[in-house]
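Colleague: The following comprises the amino acid sequence and a computationally predicted model.
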Amino acid sequence: MGLAASQARFLGITARKNSCELRSMQIAQEKLSITNKLTQISEDYQKSLDATRLVWDSEFITDGSIYDVSYDLLMQPSILNGYSPQLLTNNKNQVVLDSQYANALKSIGNAGYQYDQNGTRQNASFEQLKLGGATRDKAHFILFLDALNKNGILSQNNLEAMKSALNSTTGKNYYNPTNGLGGYNANKFAVESMNLATLKRYMTKLSDPSSDYMNELRKNYGTSYNDDGTKKVTDGKIELDTAYDKAVQLGQLLKFGGILQEVTDPTTGEKYKKVQEFEYIVKENGSDVTKTGSFGEAITQNKDTQLKLSDSNFNFTDLMNKEVTLSSDNADQMAEGMAKFLDNLYAIMGNFFAVNKDSVDQDYLTYAMDQICKLNGLKWDSTTGSVKRDGSNKVEFNSGSVISANNPAKHTSIIKDGSNYQVSLSNMAKGLLTYFEKAIEGFDSGYTIESTDEKKTENSFYITQDPAYYYFIKNPETLDMDDDTKLLLDYYSQMFNQICANGWTESNLVSEPEHLKNMLKNGTLFTSVLSDDGNFYQAPYTRNNFIAEVADQDAITRAEAEYKTQQLKLSAKEEELNIDMQMVDAELSALTTEYDTVKQMISKGVEKGFSTLGG
């Protein structure tokens, strides 16, 4: 090869070598970029493991559902927030409203008064009173409710029921301008706990219509009933039961005066609950006449009765204090008598004792009723909430479960002495209470009911024998979850009073769950919650009992999937670059060898040329 050809070849090899070196540098840079990306996605994944979400933590969630915190859960009345406003507020303590609530307020023309620079008092709207100072009275509260209805927040039926209650004879109890501002606030779903001695005294007060306790309730709350026992009607709607009316119903149940059932008002067609006495038939002038009365009257005064009751005027307290027995030679009449007693007892458990029908408590009560029925030859129908009857309305009685004995006081079950059926109603009541407690606490609670063939009480340990046991009962002066109208009035009156007193502001972002979560977390928004002293206090979300911060498993799962996807892509790209690098390195190595060879050839050629010329 001549010198010129060698030089041309050398230049070509040099260019290719430079290109390979450049490509090698580019591949190295790409690999460094991939390394940085792998580091970044790893850091992002690690951060995602700390991702949290704000969820609603309420004792009223009984089906295991998980709810993310939302504006509606905070600011719309429901069982999930206990019908207690969880007001969103800013650092000025103004109530933060979404556009729907804000539009409702803007539609109210007159919210109160303000003074101009000359000191003249003028009507002012809620828009003008954003910093507070709106008038708190029943008239303005009704305007507020009307506005909520027009803007789709409050239904027409609820609005009508609430306005009817506010205008009723006892309406003064349903709006309080200091509710949530330090004034009296009604407890919701509250229960009282008391030992047996205190329980007996309390039941005695409820069972006596003329007791000081009942007189005080009537004085404070009034009644929704006319003197003839019919419901009072205001604005075409029946008036709501007052705390006194509830107490009267509890007293009737405790005296075994009947079953609390839904009835229809003949004037308005509305349904409400009322204690319905037991029906029985007597002979008058040779004809059958249907009458109503207490359990004792229905048992002892019914025509052709073969039932005997040791005390025809007993109440629940008597069952705890002494032995009350029912007996008969007629099995069918005995079954009917026990069925009436157990149905009344079930009503007492569901309305006097703290049994929440919408919670697992109802399952516990169903279990207890089922057990006490089985023990006494009967069947419990959980669908109807009563002792099971056949197609002809006859109580299904299992005489095969009856044992032979001679003293009902020694048994929790029905016994047979010769041809005579006997049962201790006192032991049935104690047994039911015990079965209910066993269902709650489990079979190792320490309480027992002997259920062998002997079934003797000396082998049992009722909760009524435990002086340290505390009973939980409903307080008629608290708002019950069945009182929808009262709960809504209480809820919205507290919200209205807070808006009037502290003002309000509008934010469209609060309706977006993600924005709401971020604003709560970064301290832009707070929740204001009613305290035991009757005031609302502002605090971070971490101090709200309804809000829990938990690991965001969905976000973590998404991040993990994204991390794995990106890692696979980057790893595949890195492997591709490694192969490219190997090929470039091989080519560069070959070019370097060839480069050195050609370079050496050129050098020798030059030396040879100079030697020839010099020679």
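Modeller: It's in. Everything numeric in this text was worked out from a predicted model, so none of it was measured.

Colleague: would you list every one of the strands in the stretch 301-450 of the chain?
Modeller: When assigned using DSSP state E, counting those that start in this stretch, the strands of the stretch 301-450 of the chain occupy the ranges 307-309, 325-328, 380-381, 386-387, 403-404, 415-417, 420-424.

Colleague: nearest to K564, of the ones you listed?
Modeller: Closest to K564 of the strands of the stretch 301-450 of the chain is strand 380-381 (Cβ to Cβ; 54.9 Å). (Each C-beta comes from the backbone N, C-alpha and C, glycine too.)

Colleague: Which neighbouring elements make contact with that closest one?
Modeller: Where contact means 3 or more Cβ pairs under 8 Å, 6 or more residues apart in numbering; DSSP states H and E, strand 380-381 is packed against helix 360-375.

Colleague: tell me which residues in the helix it packs on are buried?
Modeller: Using 16 or more other Cβ atoms under 10 Å as the burial criterion, the residues of helix 360-375 that qualify are 361-362, 364-373, 375.

Colleague: so can I have a markdown table of those residues showing distance to N179 and pLDDT?
Modeller: Converted to a markdown table, these look like this (distance: Cβ to Cβ, whole Å; pLDDT from 0 to 100):
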| residue | distance to N179 | pLDDT |
| --- | --- | --- |
| D361 | 29 | 84 |
| Q362 | 31 | 86 |
| Y364 | 34 | 91 |
| L365 | 33 | 93 |
| T366 | 37 | 93 |
| Y367 | 39 | 94 |
| A368 | 38 | 95 |
| M369 | 39 | 95 |
| D370 | 43 | 95 |
| Q371 | 44 | 94 |
| I372 | 43 | 95 |
| C373 | 45 | 95 |
| L375 | 48 | 91 |
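
Colleague: Quick check: which of the strands of the stretch 301-450 of the chain is buried the most?
Modeller: strand 420-424 (a mean of 23; mean count of other Cβ atoms under 10 Å).

Colleague: on that earlier part again, mean pLDDT lowest where, among the strands of the stretch 301-450 of the chain?
Modeller: For these, mean pLDDT drops lowest on strand 403-404, to a mean of 87.

Colleague: List the pairing partners of that strand within its sheet, with orientation.
Modeller: If you go by DSSP bridges, strand 403-404 pairs up with strand 415-417 (parallel).

Colleague: Roughly how far does the closest residue to D417 other than its chain neighbours sit from V248?
Modeller: Spatial nearest neighbour of D417, chain neighbours left out: N406 (4.7 Å); criterion: Cβ to Cβ, 6 or more residues apart in numbering. Separation of N406 from V248 (Cβ to Cβ, to the nearest Å) stands at 41 Å.

Colleague: Quick one: list the elements packing against the helix or strand where K291 lies.
Modeller: In this structure, K291 sits in strand 287-293 according to DSSP states H and E. Packing contacts for strand 287-293, counted by 3+ Cβ pairs under 8 Å, 6+ apart, involve strand 278-284, helix 295-301.

Colleague: Mind putting the ones you listed into a markdown table with mean pLDDT and distance to A139?
Modeller: Listed next are the helices and strands packed on strand 287-293 as a markdown table, based on pLDDT from 0 to 100; distance: least, Cβ to Cβ, whole Å:
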| stretch | mean pLDDT | distance to A139 |
| --- | --- | --- |
| strand 278-284 | 92 | 47 |
| helix 295-301 | 94 | 48 |
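
Colleague: To what extent is N406 buried, counted in neighbours?
Modeller: When neighbours are counted by other Cβ atoms under 10 Å, N406 registers 11.

Colleague: isn't it right up against N420?
Modeller: No - the criterion here is Cβ atoms under 8 Å, and N406 misses it with N420 at 9.6 Å.

Colleague: What confidence value was assigned to E323?
Modeller: With respect to pLDDT, E323 has a value of 95.

Colleague: how about the nearest residue to G222 once chain neighbours are set aside, what does it touch?
Modeller: Excluding the flanking residues, the one nearest G222 by Cβ to Cβ, 6+ apart is T170, at 4.3 Å. Residues in contact with T170 (Cβ atoms under 8 Å, 6 or more residues apart in numbering) are 221-224, 239-240, 242.

Colleague: Need those residues in a markdown table (columns: distance to K303 and secondary structure).
Modeller: As requested, these are arranged in a markdown table below (distance: Cβ to Cβ, whole Å; DSSP: H, G, I helix; E, B strand; the rest coil):
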| residue | distance to K303 | secondary structure |
| --- | --- | --- |
| Y221 | 41 | helix |
| G222 | 40 | coil |
| T223 | 35 | coil |
| S224 | 36 | coil |
| E239 | 38 | coil |
| L240 | 39 | coil |
| T242 | 38 | coil |
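
Colleague: and those residues as a markdown table, adding pLDDT?
Modeller: Shown next, in a markdown table, are those (pLDDT from 0 to 100):
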| residue | pLDDT |
| --- | --- |
| Y221 | 89 |
| G222 | 92 |
| T223 | 94 |
| S224 | 93 |
| E239 | 91 |
| L240 | 89 |
| T242 | 91 |
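
Colleague: Using PyMOL, define a selection of the buried residues within those residues.
Modeller: For the buried members of the contacts of T170, the matching PyMOL selection, counting by 16+ other Cβ under 10 Å, is:
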select buried, resi 221+222+223+224+239+240+242
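
Colleague: Out of the contacts of T170, which is nearest to P177?
Modeller: Of the contacts of T170, the one sitting nearest to P177 (Cβ to Cβ) turns out to be Y221, at 18.7 Å.

Colleague: check contacts around that closest one.
Modeller: Y221 touches 170, 173, 242-245, 477, counting by Cβ under 8 Å, 6+ apart.

Colleague: Show the contacting residues for Q301.
Modeller: Per Cβ under 8 Å, 6+ apart, neighbours of Q301: 280, 282, 291, 293.

Colleague: how about a cut-off of 7 Å?
Modeller: 280, 282 (Cβ atoms under 7 Å, 6 or more residues apart in numbering).

Colleague: same deal with S507?
Modeller: Counting by Cβ under 7 Å, 6+ apart, S507 has contacts V96.

Colleague: per-residue confidence for it?
Modeller: Reported pLDDT at S507 in the predicted model: 95.

Colleague: Can you pull out the residues in contact with stretch 478-489?
Modeller: 77, 79, 83, 158, 161-162, 165, 174-175, 186-190, 240, 358, 474, 490.

Colleague: Please spell out the segments of the stretch 251-400 of the chain that come in under the pLDDT threshold.
Modeller: Flagging of the stretch 251-400 of the chain using pLDDT under 70 yields the residue ranges 356-359.

Colleague: again with the stretch 451-600 of the chain
Modeller: Ranges of the stretch 451-600 of the chain meeting pLDDT under 70: 453, 480-482, 551-556, 559-560, 563, 594-595, 598.

Colleague: All the helices of it, residue numbers only.
Modeller: 484-502, 513-521, 553-614 (DSSP state H, counting those that start in this stretch).

Colleague: For the stretch 101-250 of the chain, which segments count as helices?
Modeller: 138-150, 156-166, 196-207, 212-221, 243-254.

Colleague: Report the rounded mean pLDDT for the first one.
Modeller: So the one you mean is helix 138-150. Helix 138-150 comes out at a mean pLDDT of 94.

Colleague: Quick one: work out the angle between it and helix 484-502.
Modeller: 110 degrees (axes from the mean of the first three to the mean of the last three Cα atoms, to 10 degrees).
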